[in-house]
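1. Provided below are the primary sequence and the corresponding predicted coordinates.
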Amino acid sequence: MEAKKSIRLLITRQNDLHSPSYEEEFLVPYRPNMNIISALMEIRKNPVNAKGEKTTAVVWESVCLEEVCGSCSMIINGKPRQACSTLIDKLEQPIRLEPLKTFPVIRDLMVDRERMFEALKQVRAWIPIDGTYDLGAGPRMPEKTRQWAYELSKCMTCGCCLEACPNVNQKSSFIGPAPLSQVRLFNTHPTGAMNKEERLAAIMGAGGITACGNSQNCVEVCPKGIPLTTSIAALNRETTLQSFRNFFGG
Amino acid sequence: MGQGLTENFWRKLHSLSGVIPVGVFLTFHLLLNYSATWGEASYNAASSFMMNLPFKIVLELFVIFIPLIFHAVYGVYIALKSKNNVNRYHFFRNWSFFFQRLTGFIAFFFIVWHVWETRVQVAFGAEASFSMMHDIVSNPISLILYIIGIVSAVYHFTNGLWTFLITWGITVSPQSQKIFQYISIGAFILLSFVGVRAIFAFV
């Protein structure tokens, strides 16, 4: 009889933000077509490490399981990616899982991406249409614009771009590529464009657009293939023109 | 909001100052040095023209020293805020990002040393001439340091030209960035040749 195949997982674990991290190895029975999440679910069913010792189940975060929510980001074999869309069959073993380093760890592979949501608030990544009466239909968006704007709307705030960016770290206040690209998205929307200056003003301050150092790692690691560096360059043009308007008028 | 002297203003000024005037000055300086390959007399004639420009101190101050010191000091501050990760992400642009900061530091120390050995000594009464440079680079260690310094400064300028075009929002499309990447590499090779060939002419 053929020996039962198993998957070797090396997981960086941590009990909470202030505890030291440690590595634990797991052997998970192999099934075809598994992803990282299903391997983690096997550990949850039977939390025994590779030495045969009983341990606590590994904690991670996931919601949609189809690469649209962004919550299962982790470092898999050295690269930030989504655990749901990363297939075991396509990975080299042992598989190393680490939490994203850019964000505070809540427990094991689960991190707190709050800073990204704060950044979205800071840059006003929404279209303000609430009021006391019906404003009616807004202006239409040209189809050609809609096509590329749709690509920007795929951002799921997963944090992979922040993780890969050398300028997003504890020493810097850079908000990172994802919220910048959202500024371009909402400034492109015909109704959103009515509040364009507010969003540009928000990214012209400290930690904004010019904290980018053009390493262009973000566009390489984005799981949704969002043209982040094109967004940043386009916003560079917008903020340059805005600063001329601010000073010279017009 | 977003008005006045924002980070956007200072960072874009920093990027611009690296090209105009510092990068233009670097190019001009290396081209002037190249006259040394035509012989000692040619170089001395070219440098004495520069030495005898009217309002030289004002030109030096506003075209060279103030922009250069601003670019250098603010650049060190920017570089210290980044956390390089080339060990993890081996992309071409990420290496360029790393080398941009590394060559910035090398150029910083090289220029301080170079200004001390040349311009400051001239202020103390030495004569700026072919023989002054000959005395410096006839020491093989100095020659090696000069070559490293020149190539680093040229890399920092030509790669900085590429990032300047993005920082100011001129090259937005990936295609334009790619074409200017080739132009930047071409400029690096040409200017390095000019700079290194010239320094060998002094040996």
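-> Great, that's in hand.

2. how much space is there between the spatially most central residue of chain B and chain A?
-> By Cα atoms, centre = their mean, the mean C-alpha position of chain B lies nearest to residue B:153, the distance being 4.0 Å. Note on residue B:153: its distance to chain A, by Cβ to the nearest Cβ, to the nearest Å, is 19 Å. Just so you know, the C-beta spots here come from the backbone N, C-alpha and C atoms, and that holds for glycine as well.

3. thought that residue was touching residue B:110?
-> Yes. Between residue B:153 and residue B:110 there is a contact under Cβ atoms under 8 Å: 6.9 Å.

4. pLDDT score for the closest residue in space to residue A:154 that isn't next to it in sequence?
-> Nearest residue to residue A:154 in three dimensions, chain neighbours excluded: residue A:224, at 4.3 Å (Cβ to Cβ, 6 or more residues apart in numbering or on different chains). For residue A:224, the pLDDT comes out at 98.

5. For residue B:59, give me the pLDDT.
-> The model's pLDDT for residue B:59 equals 95.

6. The helix or strand where it lies: which residues count as buried?
-> Assigned by DSSP states H and E, residue B:59 falls within helix B:56-59. Buried residues in helix B:56-59, counted by 16 or more other Cβ atoms under 10 Å in any protein chain shown: none are found.

7. Contacts for that helix next, please.
-> Residues outside helix B:56-59 that contact it (Cβ atoms under 8 Å, 6 or more residues apart in numbering or on different chains) are residue B:53.

8. For the helix or strand following that helix, enumerate the helices and strands it packs against.
-> Next along the chain after helix B:56-59, taking DSSP H and E as the criterion, comes helix B:66-80. Counting contacts by 3 or more Cβ pairs under 8 Å, 6 or more residues apart in numbering or on different chains; DSSP states H and E, helix B:66-80 is packed against helix B:7-17, helix B:92-115.

9. Now render those as TSV, adding mean pLDDT and distance to chain A.
-> Formatted as TSV, these follow (pLDDT from 0 to 100; distance: least, Cβ to the nearest Cβ, whole Å):
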stretch	mean pLDDT	distance to chain A
helix B:7-17	97	3
helix B:92-115	98	4
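
10. could you redo these as a markdown table and give each row mean neighbour count?
-> Below are these laid out as a markdown table (neighbours: other Cβ atoms under 10 Å in any protein chain shown):
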| stretch | mean neighbour count |
| --- | --- |
| helix B:7-17 | 19 |
| helix B:92-115 | 18 |
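
11. Could you double-check that residue B:40 sits in contact with residue B:130?
-> Yes. Residue B:40 is within contact range of residue B:130, at 4.3 Å (criterion: Cβ under 8 Å).

12. picking up where we left off before, residues touching the spatially closest residue to the residue nearest to the centre of chain B that is not a sequence neighbour, list them.
-> For residue B:153, ignoring the flanking residues on the chain, the nearest one in space by Cβ to Cβ, 6+ apart is residue B:107 at 4.4 Å. Residue B:107 is in contact with B:149, B:152-153, B:156, counting by Cβ under 8 Å, 6+ apart.

13. Inside helices: which ones of those residues?
-> B:149, B:152-153, B:156 (DSSP state H).

14. just the strands in chain A please.
-> Applying DSSP state E to chain A gives strands spanning A:6-13, A:22-29, A:73-76, A:79-82, A:95-98, A:105-107, A:110-111.

15. so of those strands, which one's packed in deepest?
-> Comparing the strands of chain A on average neighbours per residue, with mean count of other Cβ atoms under 10 Å in any protein chain shown, the densest one is strand A:73-76 at a mean of 24.

16. other SSEs contacting it?
-> strand A:79-82, strand A:95-98, helix A:160-164.

17. Figure out how far it is from the centre of its chain.
-> Computed by Cα atoms, centre = their mean, to the nearest Å, the separation of strand A:73-76 from the middle of its chain amounts to 10 Å.

18. Let me see the residues that make contact with it.
-> Outside strand A:73-76, the residues within contact range by Cβ under 8 Å, 6+ apart are A:36, A:60, A:80-83, A:86, A:91, A:95-101, A:109, A:111, A:113, A:158-160, A:163.

19. ok, now stretch B:20-30?
-> Contacting residues not belonging to stretch B:20-30 are listed as B:63-64, B:67-68, B:71, B:150, B:153-154, B:157, B:160-161, B:191, B:194-195, B:198 [Cβ under 8 Å, 6+ apart].

20. one more time with 7 Å, if that's ok
-> Stretch B:20-30 has contacts (Cβ atoms under 7 Å, 6 or more residues apart in numbering or on different chains) with B:63-64, B:67-68, B:71, B:153, B:157, B:161, B:191, B:194-195, B:198.

21. and that stretch, which residues are buried?
-> Neighbour-count burial for stretch B:20-30 flags B:21-23, B:26-27, B:29-30 (criterion: 16+ other Cβ under 10 Å).

22. Now residue 52, what are its backbone angles?
-> If you meant another chain, say so; for now it's chain A. Main-chain torsions, residue A:52, degrees, to the nearest 10: phi 90, psi 10.

23. what's around it, how many residues?
-> As a burial measure, residue A:52 scores 7 neighbours (other Cβ atoms under 10 Å in any protein chain shown).

24. Tell me the confidence at it?
-> Note for residue A:52: predicted pLDDT of 96.

25. Roughly how far does it sit from chain B?
-> Look at residue A:52 and chain B: by Cβ to the nearest Cβ, they are 33 Å apart.
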